[in-house]
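Chemist: Sharing a sequence plus its predicted fold:
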2 protein chains.
Amino acid sequence: MKTRRSFLKRLTAGTFLAALPLSGVNAATKKKHFSGILIHHVFFWLKNPGNEADRKQFEEAINKLTSIDVIRNAHFGVPASTEDRKVVDHSYSYSLMLIFDSKKDQDIYQVHPKHKDFVDKNQHLWEKVIVYDSVDA
Amino acid sequence: MKTRRSFLKRLTAGTFLAALPLSGVNAATKKKHFSGILIHHVFFWLKNPGNEADRKQFEEAINKLTSIDVIRNAHFGVPASTEDRKVVDHSYSYSLMLIFDSKKDQDIYQVHPKHKDFVDKNQHLWEKVIVYDSVDA
């Protein structure tokens, strides 16, 4: 019984749990301060932001795009209803924040067939795109 | 033994592990797709980006700023050496991406004494700031 009891003890100990390969959990994104990542943040301004068919097409296309395997984490967003201060830009239609493990993975993403397909089939929908790529300071 | 065996079975099952309160791990950031969050992404253009004293002051100030408790996650960055495409803006000096659990937490952050102190003591260092606030699409 001793072996089983100590196994249970380890199972309930934080250190053991931390070592388990939990799917989708990465050390860097478990912490308050993200590190060792590349953030690729894209802002899209649609030509017709009030057109429901355009929005539906774009949203479905983003779903396909973010299935690319080298993407570690993704957040697909719209402007928040935060205060209209002069430094805050609420004018974009959609935000896509992608986290990669490395510049190498971002480079793979750029030339991935699903990414090329996304641009080819949807670029007529937007009039402006701004991308910010950041690594740890 | 049946009870102990089924307990072990549950312990090794993903569903049970997902329910454990792992310190520092939040449901939304464990998944590939972040949701239920507000992303507050700020880009700073320093007046003198090559000035080491200015950079040191700014970096130390960011360390203090990101200790504010309502911030769920933070990434402090600089431009990545990704390809110079016309849509990519590599011109900023620093990126600060903060993740909040809600607009309410972001609002608390905006008026937090540490945030006000950060702006008061460091705003002479930058010539331009752009903020993008995004919530789930």
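Modeler: Noted; the coordinates are in hand.

Chemist: Name every strand pairing with the host helix or strand of residue A:42 and say which way it goes.
Modeler: Using DSSP states H and E, residue A:42 sits in strand A:38-46. Using DSSP bridges, strand A:38-46 pairs in its sheet with strand A:94-100 (antiparallel), strand A:126-136 (antiparallel).

Chemist: residues contacting the closest residue to residue A:130 other than its chain neighbours?
Modeler: Closest residue in space to residue A:130, ignoring its immediate chain neighbours: residue A:43 at 4.9 Å, by CB to CB, 6 or more residues apart in numbering or on different chains. From N, CA and C alone the C-beta is placed, and that goes for glycine too. Applying CB atoms under 8 Å, 6 or more residues apart in numbering or on different chains, we find residue A:43 in contact with A:89, A:92, A:94, A:95, A:129, A:130, A:131, B:132.

Chemist: could you dump the residues you listed to a markdown table with distance to residue B:123, pLDDT and neighbour count?
Modeler: Listed next are those as a markdown table, based on distance: CB to CB, whole Å; pLDDT from 0 to 100; neighbours: other CB atoms under 10 Å in any protein chain shown:
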| residue | distance to residue B:123 | pLDDT | neighbour count |
| --- | --- | --- | --- |
| A:89 | 18 | 98 | 14 |
| A:92 | 25 | 98 | 21 |
| A:94 | 30 | 98 | 23 |
| A:95 | 25 | 98 | 22 |
| A:129 | 29 | 98 | 18 |
| A:130 | 23 | 98 | 17 |
| A:131 | 26 | 98 | 16 |
| B:132 | 19 | 98 | 25 |
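
Chemist: Which of these sits closest to residue B:65?
Modeler: residue B:132 (17.7 Å; CB to CB).

Chemist: how near is the closest one to residue A:44?
Modeler: Separation of residue B:132 from residue A:44 (CB to CB, to the nearest Å) stands at 12 Å.

Chemist: Touching both of these two, which residues are there?
Modeler: In the contact map built from CB under 8 Å, 6+ apart, the residues linked to both residue B:132 and residue A:44 are A:92, A:95.

Chemist: in chain A, which segments are predicted with low confidence?
Modeler: For chain A, applying pLDDT under 70 flags the ranges A:1-29.

Chemist: State which helix of it is the longest.
Modeler: helix A:52-65 (DSSP state H).

Chemist: what helices or strands is that one leaning on?
Modeler: Judged by 3 or more CB pairs under 8 Å, 6 or more residues apart in numbering or on different chains; DSSP states H and E, helix A:52-65 is in contact with strand A:38-46, strand A:94-100, helix A:113-122.

Chemist: In TSV: those, plus distance to residue A:69.
Modeler: Formatted as TSV, the helices and strands packed on helix A:52-65 follow (distance: least, CB to CB, whole Å):
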stretch	distance to residue A:69
strand A:38-46	15
strand A:94-100	11
helix A:113-122	10
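
Chemist: Nearest to residue B:59, out of those?
Modeler: Taking CB to CB, strand A:38-46 is the member of the helices and strands packed on helix A:52-65 nearest to residue B:59, at 17.5 Å.

Chemist: Quick check: can you list the domain ranges of chain A?
Modeler: A:1-31, A:38-134 (automatic domain parsing).
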